[in-house]
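Undergrad: Structural data only, the sequence is not supplied:
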């Protein structure tokens, strides 16, 4: 499947519901996770949430999730060490970067016991080890550093046109190196990972009740580049997108397929706030966001994400089908496929209708199941399903139990 990819592979071990044997998964531009409740779909997104926190405050999601003890695999009697490993495409390098983070509990507190930034494979045939940019060596955090401009170069390793030398550092063991070393000249690989991970966006829930942030007038000083997780800047983002050639027309067109009465979306600055309005055919006055249906507001949020011409490198969306009529889900599937040309997408769903709409790209679907050893991920194989898909849709095969991901 062609499209945009930030993360090539992801490995989880002793992390939440992913057990001690470890689970490896190759990620494509579009990844739609299906499976029973409590099978581990959301826990994969939690892992990406941890990666997102590494450039700022690694302890924040851990603390919000109940503390480090609650993030470790509970299928063993001892305290294991949780591991997240990602192979990340690096356009300025000769190969993908491998990033590994290992976390454990020490005195009820989180501690980083290992962290690695390195090339994924050796640079030359026969080399026993890969070239690393950051690694624990002999218990000490060690960096391969580019000398600063004008700095004398110690005896070190030649890497392409850039000399590097080892430097041992004192770092906070509760935080990632990605938050403690940010210099694109001296630490380009670490800085790149920090930039990319920090721009991962997670959309795990939208509260669209009567007095929630997406409905209310919004302060004008909020970010306007991309939608926040709680959609509290929806009006500002839509106001910004109307100045991107063709984007507003694209959003309006998709919104009209959802609700034919929709004619336009506008924003208005009033009382020092930005307010969002939907213009409907036959009405003399526009309808404010406070009066939109939950489904309409949710779909508008999805359009803001999936039609954006310049999205972040990776988006995670949990159950985008919630609150939407089944008839619009094939269009949502088309939006997901099209958006995966610009950003990598990880989506969870329990909707067989949405999965049926992916019958032309069955490899986009990941089956998540769980046994006594933990959560397991399996990507559907187009070739193995070829004969089945001539007669049934992918959602029908799911309901029939032919692809797994069922409760019984």
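TA: Received it, and whenever you're ready, just let me know what you need. Quantities reported herein were computed from a predicted structural model and do not represent experimental measurements.

Undergrad: who's in contact with residue 296?
TA: Residue 296 sits next to 258-259, 278 when contact means CB atoms under 8 Å, 6 or more residues apart in numbering. Yep, even glycine has a C-beta here, placed from its N, CA and C like the rest.

Undergrad: any idea how this structure splits into domains?
TA: 1-200+317-408, 209-311 (automatic domain parsing).

Undergrad: In a markdown table, list the contacts of residue 296 along with neighbour count, pLDDT and secondary structure.
TA: Putting these into a markdown table (neighbours: other CB atoms under 10 Å; pLDDT from 0 to 100; DSSP: H, G, I helix; E, B strand; the rest coil) gives the following:
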| residue | neighbour count | pLDDT | secondary structure |
| --- | --- | --- | --- |
| 258 | 19 | 94 | helix |
| 259 | 18 | 94 | coil |
| 278 | 22 | 96 | strand |
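
Undergrad: Which elements pack onto whichever strand or helix holds residue 87?
TA: Using DSSP states H and E, residue 87 maps to strand 82-88. Applying 3 or more CB pairs under 8 Å, 6 or more residues apart in numbering; DSSP states H and E, one finds that strand 82-88 contacts strand 7-13, helix 41-53, strand 97-106.

Undergrad: Please work out which of those is packed deepest.
TA: helix 41-53 (a mean of 22; mean count of other CB atoms under 10 Å).

Undergrad: Next, report how far the helix or strand that it is followed by is displaced from the centre of its chain.
TA: Per DSSP H and E, the first helix or strand lying C-terminal to helix 41-53 is helix 59-64. Relative to the centre of its chain, helix 59-64 is centred 17 Å away, using CA atoms, centre = their mean, to the nearest Å.

Undergrad: now swap in stretch 348-362 and tell me
TA: 19 Å.

Undergrad: On the three-state scheme, residue 236 is what?
TA: helix (DSSP: H, G, I helix; E, B strand; the rest coil).

Undergrad: wait, isn't it in contact with residue 221?
TA: No - if you go by CB atoms under 8 Å, residue 236 and residue 221 don't touch, sitting 9.1 Å apart.

Undergrad: between the two, who's got more neighbours?
TA: residue 236 (22 against 10; other CB atoms under 10 Å).

Undergrad: just the helices in the stretch 201-350 of the chain please.
TA: Assigned by DSSP state H, counting those that start in this stretch, the stretch 201-350 of the chain shows helices spanning 234-241, 247-258, 294-306, 329-339.

Undergrad: Adding distance to residue 391, write the ones you listed out as JSON lines.
TA: Compiled in JSON lines, these are given as follows (distance: least, CB to CB, whole Å):
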{"stretch": "helix 234-241", "distance to residue 391": "42"}
{"stretch": "helix 247-258", "distance to residue 391": "29"}
{"stretch": "helix 294-306", "distance to residue 391": "31"}
{"stretch": "helix 329-339", "distance to residue 391": "19"}
